[in-house]
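1. Let me see the structure of the following:
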Amino acid sequence: MNNLKSPRPVIQVSGIRKTYGRTVAIDEVSFEVNDGEIFGLIGPNGAGKTTTMECIEGIRTLDRGTISVLGLDPFRQVYKLQDRIGVQLQQAQLQKRIKVWEAIDLWASLYKKKPADAERLLDQLGLADKRDAWFMNLSGGQKQRLFIALALINDPEVVFLDELTTGLDPQARRAIWDLVRGIRERGKTVFLTTHLMEEAERLCDRVAIIERGRIIDIDTPQRLVDRHCPERTVVLATDDLTAEERFRAIPRIESLERSDMQFTIRGRGEDLVTEVIHCLSENRMRVTDFRMIVPNLEDVFLKLTGHSIRD
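-> Residues are numbered from 1 along each chain as shown. Purely as a prediction, here's the structure:
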């Protein structure tokens with residue numbers, strides 16, 4: 001008997017469409033988000049990420065389709081749902097002269113249920129020493145941490161994060177990533193949007209790629225890469241005179257380029273790298289440089305859409 005439980009969807013989106021006049025923002029979008037996962041909706045600016053998220057949160061009404069969040073309709077049962085979700089909006093702002101503890105206190109008063117321990121939350125998010133600071137005096141990373149705190153103050157089951165780290169420096173971005181992982185470790189489900197492919201790869205259990213209002217593909221980042229970009233490249237340097245002949249005999253090689261002592265070997269599948277290393281070892285070739293070029297989500301997006309996510 002199989003005791004493994006199948007994932008339980010906490011968000012179900014089916015065939016949703018939203019237009020603004022003649023502009024179709026999202027069209028026939030469908031996906032599920034499972035309990036306890038970090039799920040990312042990824043795509044360029046203007047692809048429909050924020051509109052999709054705001055429809056799921058109940059902020060925007062649909063033209064057609066259905067949405068269920070924690071078994072509730074986000075439009076008809078919006079007040080029941082609000083107590084069970086936490087929301088961080090893109091480009092959120094607060095009054096310049098509101099203090100950190102005042103913002104926390106205000107947000108906590110908006111919910112019927114008992115709020116999370118505010119002091120502990122500030123401590124966990126590295127804001128304890130900023131509790132008396134004005135919002136306008138916080139750094140970009142500190143403001144984002146405060147918005148996470150506000151999204152968590154009602155101890156939600158599902159947390160929505162929209163383009164959370166846009167505009168942050170790399171160090172602040174990585175600190176936020178650690179915080180997001182911490183949210184999941186506390187048993188929460190995280191639904192996030194991002195146009196930063198590294199962020200999606202580092203954080204998300206699964207991602208849905210959205211382009212011009214339509215979902216192109218959904219899977220784990222690694223499976224998307226394996227499915228759409230199976231190519232692997234090895235760049236190495238050796239002065240062995242027999243190298244070219246030996247490399248051409250390696251199975252799965254699709255191309256071999258040489259420039260002086262540097263070789264670029266291209267093929268498909270994980271075994272390519274193993275085969276190259278085996279060839280070097282078997283023939284005792286001395287190597288002065290060895291690099292692997294592995295495709296990522298950026299390459300997947302380029303393959304699926306024909307353009308870079310930054311275009």
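2. give me the beta-bridge partners of residue 29?
-> residue 16 (DSSP bridges).
3. Please verify my assumption that it contacts residue 47.
-> No. The criterion here is C-beta atoms under 8 Å, and residue 29 misses it with residue 47 at 10.8 Å. C-beta here means a position set from N, CA and C on the backbone, and glycine is covered the same way.
4. anything in contact with each of those two?
-> Listed contacts common to residue 29 and residue 47 are 210, 213; contacts here mean C-beta atoms under 8 Å, 6 or more residues apart in numbering.
5. which residues are contacting the longest helix along the chain?
-> Assignment by DSSP state H gives helix 170-185 as the longest helix of the chain. Helix 170-185 has contacts (C-beta under 8 Å, 6+ apart) with 36-38, 124-126, 139-141, 144-145, 148, 152, 159, 161, 164-165, 168, 190, 192, 199, 202-203.
6. for that helix, which positions count as buried?
-> 172-173, 175-177, 179-180, 183-184 (16 or more other C-beta atoms under 10 Å).
7. Which pLDDT does the model give residue 1?
-> As summarised for this prediction, residue 1 has a pLDDT of 44.
8. Relative to residue 249, how far out is residue 29?
-> 49 Å (C-beta to C-beta, to the nearest Å).
9. As PDB, could you dump the C-alpha coordinates of stretch 51-64?
-> Output of stretch 51-64 as PDB, limited to C-alpha atoms (Å, rounded to 0.1, in the frame of the first residue of the first chain):
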ATOM      1  CA  THR A  51      -2.700  40.900 -13.000                       C
ATOM      2  CA  THR A  52      -2.800  37.100 -12.400                       C
ATOM      3  CA  MET A  53      -1.700  37.500  -8.800                       C
ATOM      4  CA  GLU A  54      -4.200  40.300  -8.100                       C
ATOM      5  CA  CYS A  55      -7.000  38.200  -9.500                       C
ATOM      6  CA  ILE A  56      -6.000  35.300  -7.200                       C
ATOM      7  CA  GLU A  57      -6.000  37.700  -4.200                       C
ATOM      8  CA  GLY A  58      -9.400  39.000  -5.200                       C
ATOM      9  CA  ILE A  59      -8.200  42.500  -5.900                       C
ATOM     10  CA  ARG A  60      -9.300  42.300  -9.600                       C
ATOM     11  CA  THR A  61     -12.500  40.600 -11.000                       C
ATOM     12  CA  LEU A  62     -12.300  38.100 -13.800                       C
ATOM     13  CA  ASP A  63     -13.900  38.300 -17.300                       C
ATOM     14  CA  ARG A  64     -14.100  34.500 -17.100                       C
END
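10. looking at this protein, which helix or strand does the model trust least?
-> Lowest mean confidence among the helices and strands of the chain (mean pLDDT, DSSP states H and E): helix 118-124, at a mean of 85.
11. Show me the contact partners of that helix.
-> Applying C-beta under 8 Å, 6+ apart, the contact partners of helix 118-124 are 100-101, 104-105, 108, 128, 130-131, 149, 152-153, 182.
12. switch the cut-off to 10 Å
-> Contact with helix 118-124 is made by 100-101, 104-105, 107-108, 115-117, 127-131, 145-146, 148-150, 152-153, 155, 179, 182-183, 186, as judged by C-beta atoms under 10 Å, 6 or more residues apart in numbering.
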